[in-house]
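Q: pasted the sequence and its predicted model underneath.
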Amino acid sequence: MIEKVTLSDIAKDTGLSISTVSRALSQSGKISKENERKVFESAHRLNYPLTNIHTPIELRKSINIALVTRHYTGEFYASLFEGFDQATENTKVTMNLTSVSHTSSPIPQIISELNNRHYDAAVIFLPDFKAADYMELLESVSGNFPIVSIAPIANPVMDTVTFDNYRGGYLVANHFEERGYKNLGIIQGPIKQSEAMLRKNGFVDYIQASDKLNLIWQYNGDYSFQKGKEAYEDFKKLDNKPDAIFCSNDGMTLGFMHDAIRNGVHIPDDVAVAGFDDLPTCDLYTPTITSVHTSYTMLGKKTIEHIFNRLSEKAERQHTGYTSLVPVSLSVRESSTQLSNVFRKYYPNNT
């Protein structure tokens with residue numbers, strides 16, 4: 001019969017008092033870092049039953065993080081999870097996908113139960129959440145269980161690590177101006193989602209600050225391939241068509257281009273197009289697609305870094321609305337770089 005390891009056994013192994021061992025394991029009271037390390041190393045060596053929550057982060061064998069989202073089929077979610085998976089390389093982190101798409105349980109309850117299922121933290125991507133939803137979630141979850149949102153929040157009541165969506169829209173407008181396009185359009189994302197509004201605002205603000213650009217067409221989308229197709233149907237009815245269009249995500253970009261090309265539209269000669277997310281399809285489609293590049297691996301690394309910082313804190317911590325923006329860039333490809341028709345239209349004497 002295997003004897004149960006006790007605090008006394010750890011005290012004998014380390015040469016410390018039982019009270020010091022008790023304070024170290026419960027993370028209560030004052031104790032030096034050196035003695036804390038001795039206690040936990042001894043506890044691991046003697047197979048004393050430890051829980052992660054009471055073990056200093058640097059001594060934990062593994063850290064389990066749940067990525068919570070409404071998972072849908074498509075390249076975006078595959079790329080998102082792959083990026084977070086790559087971000088765990090050479091770390092103690094195990095990342096697990098938790099979808100709340102097909103459950104009747106309240107999301108706060110699902111996330112609250114993660115702690116009981118031996119998860120150490122949660123990353124949530126729920127773009128349709130409002131400030132009240134985040135507040136309800138925070139009230140239902142222990143303050144020593146880190147939660148980070150990777151969707152931007154208009155009123156950031158929860159710690160957030162997300163892409164610089166505003167700059168993404170700004171970069172597209174700047175690129176269109178540099179390529180000589182003047183009359184622009186946008187297929188925007190869901191108007192109730194903060195990230196969609198940030199992308200639109202970056203694009204529109206650049207246009208309004210420029211003497212050379214005009215915004216002549218806007219279409220309300222929802223990030224779906226189908227909405228991109230519907231946007232094209234609206235576009236083709238226009239008498240005054242834009243020279244270049246910013247589609248607020250790659251899904252709508254593909255839908256728009258799919259129907260446009262099949263209707264005889266030459267991209268970018270008749271209309272230039274740029275998307276957002278820079279999914280793998282952008283390199284495979286013909287013509288290849290200009291898109292705002294978002295590094296999901298960098299997003300994952302920054303998010304995990306923030307979680308590690310939270311786990312290193314001893315006391316229960318309230319969310320402060322901390323927000324970290326991950327930089328974006330523009331991957332320029334064929335869908336916005338051939339200018340034959342633009343130059344013929346605006347500079348007829350130079351052709």
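A: Arrived safely, thanks for sending.

Q: can you report how many residues neighbour residue 242?
A: Using other CB atoms under 10 Å, residue 242 is surrounded by 22 other residues. (Each C-beta comes from the backbone N, C-alpha and C, glycine too.)

Q: Three-state assignment for the residue nearest to it when sequence neighbours are not counted, please.
A: Leaving aside its sequence neighbours, residue 242 sits nearest to residue 185 (CB to CB, 6 or more residues apart in numbering; 3.5 Å). Three-state assignment for residue 185 (DSSP: H, G, I helix; E, B strand; the rest coil): strand.

Q: same check, this time on residue 230
A: Assigned state for residue 230: helix (three-state reduction, three-state DSSP).

Q: any idea how far residue 69 is from it?
A: According to CB to CB, to the nearest Å, residue 230 and residue 69 sit 25 Å apart.

Q: thought residue 151 was touching residue 196?
A: No. If you go by CB atoms under 8 Å, residue 151 and residue 196 don't touch, sitting 10.6 Å apart.

Q: if you count surrounding residues, which of the two has more?
A: The residue with more neighbours, out of residue 151 and residue 196, is residue 196; 24 against 20, by other CB under 10 Å.

Q: and the more buried one, what does it touch?
A: Shown in contact with residue 196 (CB atoms under 8 Å, 6 or more residues apart in numbering): 188, 189, 190, 223, 248.

Q: looking at the residues you listed, which one is closest to residue 109?
A: For the contacts of residue 196, the residue nearest residue 109 by CB to CB is residue 190; the value is 25.5 Å.

Q: is the closest one in a helix, a strand, or coil?
A: When classified by three-state DSSP, residue 190 comes out as coil.

Q: isn't it up against residue 227?
A: No. Because the distance of 9.5 Å does not satisfy CB under 8 Å, residue 190 is recorded as not touching residue 227.

Q: shared neighbours, the two?
A: residue 221.

Q: the more surrounded of those two?
A: A direct count of neighbours by other CB under 10 Å for residue 190 and residue 227 places residue 227 higher, at 22 against 18.

Q: can you give me the strands for the stretch 151-300 of the chain?
A: Along the stretch 151-300 of the chain, counting by DSSP state E, counting those that start in this stretch, strands occupy 160-163, 183-188, 214-220, 244-247, 272-277, 290-293.

Q: ok, residue 135 - contacts?
A: Counting by CB under 8 Å, 6+ apart, residue 135 makes contact with residue 157.

Q: now it: which helix or strand?
A: Here residue 135 sits within helix 131-140, counting by DSSP states H and E.

Q: and the protein, what are its domains?
A: 7-50, 63-163+296-326, 165-294+331-350 (automatic domain parsing).

Q: turn the ones you listed into a markdown table, including mean pLDDT.
A: Converted to a markdown table, these look like this (pLDDT from 0 to 100):
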| stretch | mean pLDDT |
| --- | --- |
| domain 7-50 | 77 |
| domain 63-163+296-326 | 87 |
| domain 165-294+331-350 | 93 |
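
Q: pick the most buried one from those domains.
A: domain 165-294+331-350 (a mean of 20; mean count of other CB atoms under 10 Å).

Q: distance between it and the chain's centre?
A: Mean-position distance between domain 165-294+331-350 and its chain equals 22 Å (CA atoms, centre = their mean, to the nearest Å).

Q: can you check stretch 301-317 too?
A: That offset, for stretch 301-317, works out to 17 Å (CA atoms, centre = their mean).

Q: quick one, what contacts the residue nearest to residue 120 when sequence neighbours are not counted?
A: Excluding the flanking residues, the one nearest residue 120 by CB to CB, 6+ apart is residue 63, at 4.9 Å. By CB under 8 Å, 6+ apart, the contact list for residue 63 reads 52, 57, 91, 92, 93, 94, 120, 121, 307, 308, 311.

Q: distance of residue 230 from residue 257?
A: Taken as CB to CB, the span from residue 230 to residue 257 is 13 Å.

Q: sorry, wrong one. I was asking about residue 208.
A: 27 Å.

Q: residue 238 too?
A: With CB to CB as the criterion, residue 238 and residue 257 are 17 Å apart.

Q: same question for residue 226.
A: As for residue 226, its distance to residue 257 is 14 Å (criterion: CB to CB).

Q: then residue 202?
A: Residue 202 sits 22 Å away from residue 257, going by CB to CB.

Q: and what of residue 80?
A: Counting by CB to CB, the gap from residue 80 to residue 257 is 22 Å.

Q: and the residue nearest in space to the middle of the chain, what is it in contact with?
A: Taking CA atoms, centre = their mean, the centroid of the chain lies closest to residue 150, which sits 4.2 Å from it. Counting by CB under 8 Å, 6+ apart, residue 150 touches 123, 124, 125, 160, 161, 162, 299, 303.

Q: any chance of a markdown table for those, columns distance to residue 216?
A: Listed next are the contacts of residue 150 as a markdown table, based on distance: CB to CB, whole Å:
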| residue | distance to residue 216 |
| --- | --- |
| 123 | 40 |
| 124 | 38 |
| 125 | 34 |
| 160 | 34 |
| 161 | 36 |
| 162 | 30 |
| 299 | 34 |
| 303 | 39 |
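
Q: now the two most distant members of the residues you listed.
A: Farthest apart among the contacts of residue 150 by CB to CB are 124 and 299. That separation is 13.1 Å.

Q: so what's the residue nearest to residue 120 bridging to?
A: With DSSP bridges as the criterion, residue 63 is bridged to residue 93.
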